[in-house]
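Peer 1: Take a look and give me a structure for this.
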Amino acid sequence: MRAMAHAAVIGGGSWGTALARVLADKGEEVRLWCKRPEDAEEIERTRTNARYLPGVSLPPSLRATADVRESLVGASIVVLVVPSHVLREVTKELVAVGIPDDAPIVSATKGIENESLMLMSEVLEDVIPPLQHRNLAYLSGPSFAREVVRGMATAIVIASRNEQMCHQLIHRFSSERMRAYANSDVVGVEMGGALKNVIAIAAGAVDGLGLGHNARAAVITRGLAEIARLAMVKGGSALTLAGLSGMGDLVLTCTGEASRNRTVGYELGRGRKLADVLGSMTQVAEGVRTTKSAKELGEKLGVELPITQEVYRVLYEDKPVAEAVNQLMTRALSWE
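Peer 2: Residues are numbered from 1 along each chain as shown. Predicted coordinates:
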């Protein structure tokens, strides 16, 4: 007997749970895969994800499981929402089980893989069979999970080289509370989503040092220039970075108090050590790993990334934050 069609959301963290709730609220049956069996059991028992999204009720149409096969078989869409450093491993597991041939595969994971220096789109194309590459899409934009599940107005972007499928996807995710836009620039959308986390660490550090709004605005603006430079070398469009996945996500992540990456930078600016900051967090701050990848990718491609370089030195070489700021302020003067 054929399993009833449903949406498979792979990753039971805060953003995965929020996207699962979005689809469930639109009337879809959803299977949310959680890595930890105890998380899936708690969601089933209490109808809440207390570990990652406490206080948010989840509808009966959203079922949680720690069994990849149960979440995947019969899925009409597969949404990947796992940390960037495990995306390759998890996707290999999905491929082994068998991703339904016609199901769109939507990645909501942001980052650049360490070692390979691949964007998440490149990782997926490396692992998923070529015949299913036409099904790949990438969801990004300024969207804190807690605001999404509270029904607060949110705009996102979905990028795919398959424009017909992308058009279908923006309708599938959109509601009166969430508006999705289509985009064909996968590289630009991916690069904006990845590097904004690095710049957010810098912006948080500036706030932690108490350097004021002028300094924060400078970090955001010059950070956007870095993102655009690297994206264009990889084949993306600078215009994409003026949109939701670029400026939109960057502003939110650099200024919002719920931003994990900004929090890392803020605490470093106040003098705390990185290990202590990360040890006190229950969720991944993607920017820490992405900083290393972005710095190495910039060097490989010959792209100047001064803010990223200094964030790397703070994170991986224990450079004092104040010295990193001074280094940026005293660089050789140039045209904007």
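
Peer 1: Tell me, how many residues neighbour residue 16?
Peer 2: Applying other Cβ atoms under 10 Å, we find 25 residues neighbouring residue 16. C-beta: built from backbone N, CA, C; applies to glycine.

Peer 1: my guess is it meets residue 81, correct?
Peer 2: Yes - using Cβ atoms under 8 Å, residue 16 makes contact with residue 81 at a distance of 3.5 Å.

Peer 1: so how far is residue 330 from residue 11?
Peer 2: From residue 11 over to residue 330 the distance is 42 Å, taken as Cβ to Cβ, to the nearest Å.

Peer 1: And residue 273, by the same measure?
Peer 2: 26 Å.

Peer 1: quick one: which of these two has more around it?
Peer 2: Legend: neighbour count by other Cβ under 10 Å for residue 273 and residue 330, higher for residue 273 (11 against 8).

Peer 1: so what's in contact with residue 16 and residue 81 at the same time?
Peer 2: 9, 10, 108 (Cβ atoms under 8 Å, 6 or more residues apart in numbering).

Peer 1: so residue 133 touches residue 127, yeah?
Peer 2: No - shown here, residue 133 and residue 127 do not form a contact pair, counting by Cβ under 8 Å, at 10.7 Å.

Peer 1: Would you enumerate the residues in contact with the nearest residue to residue 54 once chain neighbours are set aside?
Peer 2: In space, residue 54 comes closest to residue 48 once its chain neighbours are excluded; the distance is 6.8 Å by Cβ to Cβ, 6 or more residues apart in numbering. Contacts for residue 48 (Cβ under 8 Å, 6+ apart) come out as 42, 54, 55, 56, 57, 58.

Peer 1: can you tell me which helix in the protein is longest?
Peer 2: helix 186-209 (DSSP state H).

Peer 1: Stretch 8-18 - what's its average pLDDT?
Peer 2: Regarding stretch 8-18, the rounded mean pLDDT is 98.

Peer 1: Next: stretch 113-123.
Peer 2: In this model, stretch 113-123 has a mean pLDDT of 98.

Peer 1: do the same with stretch 186-197
Peer 2: For stretch 186-197, mean pLDDT rounds to 98.

Peer 1: Equivalent analysis for stretch 80-96, please.
Peer 2: Computed over stretch 80-96, the average pLDDT equals 98.

Peer 1: Could you tell me which residues within it count as buried?
Peer 2: The neighbour-count check on stretch 80-96 (16 or more other Cβ atoms under 10 Å) flags 80, 81, 82, 83, 84, 85, 87, 88, 90, 91, 94 as buried.

Peer 1: beta partners of the first one?
Peer 2: Here residue 80 shows beta-bridge partners residue 10, residue 107, assigned using DSSP bridges.

Peer 1: ok, now which ones touch it?
Peer 2: Contacts for residue 80 (Cβ under 8 Å, 6+ apart) come out as 10, 11, 87, 90, 91, 105, 106, 107, 108, 109, 124.

Peer 1: Just give the closest residue to the second one, not the sequence neighbours.
Peer 2: Same thing as residue 11. residue 81 (3.6 Å).

Peer 1: Identify the residues contacting that neighbour.
Peer 2: Contacts for residue 81 (Cβ under 8 Å, 6+ apart) come out as 9, 10, 11, 13, 15, 16, 19, 108, 109.

Peer 1: State the phi and psi torsions of it.
Peer 2: phi -140, psi 60 (degrees, to the nearest 10).
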